[in-house]
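Colleague: What follows is a predicted protein model with its sequence.
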Amino acid sequence: MPMIATAFETVMIICFGLSWPFSVYKSWKSRTAKGKSLQFEIFLWIGYVFGIAKNFVLYANGTNSWIFFLGWGFYFVNFAMITVDMILYFRNARLDKLAMK
């Protein structure tokens, strides 16, 4: 993969990564699952799994630039953040059910 393409992808992943803490914070503070889409987060989560898998394939084929490793790290951070947000979705959905009683 050309280095510029890897750089573009890294910037994309960094931008996504900067938005996830806001989503997690909102999920934590709001204590409600209203307005959240679990299906949307699942598809993003699956996308990150495939992004990580792509990086393993590239690494196995000899790609090892510093930009590549930076992008790889952000894939893992984003994957962790969306996992936390999905866990909070389930917590908040439970809290929503309790509030309706």
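Modeller: All right, it came through fine.
Colleague: Now do the helices in this structure.
Modeller: Assigned by DSSP state H, the helices in the chain fall at 3-30, 38-60, 66-100.
Colleague: so can I have TSV of those helices showing mean neighbour count and mean pLDDT?
Modeller: C-beta here means a position set from N, CA and C on the backbone, and glycine is covered the same way. TSV is the format used below for the helices of the chain (neighbours: other C-beta atoms under 10 Å; pLDDT from 0 to 100):
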stretch	mean neighbour count	mean pLDDT
helix 3-30	14	89
helix 38-60	13	89
helix 66-100	16	90
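Colleague: show me the contacts for the residue nearest in space to the middle of the chain.
Modeller: Nearest to the mean C-alpha position of the chain, by C-alpha atoms, centre = their mean, lies residue 78 at 3.3 Å. By C-beta atoms under 8 Å, 6 or more residues apart in numbering, the contact set of residue 78 is 13, 16-17, 20, 48.
Colleague: Kindly recompute the last result at 10 Å.
Modeller: 13-14, 16-20, 44-45, 47-48, 51-52 (C-beta atoms under 10 Å, 6 or more residues apart in numbering).
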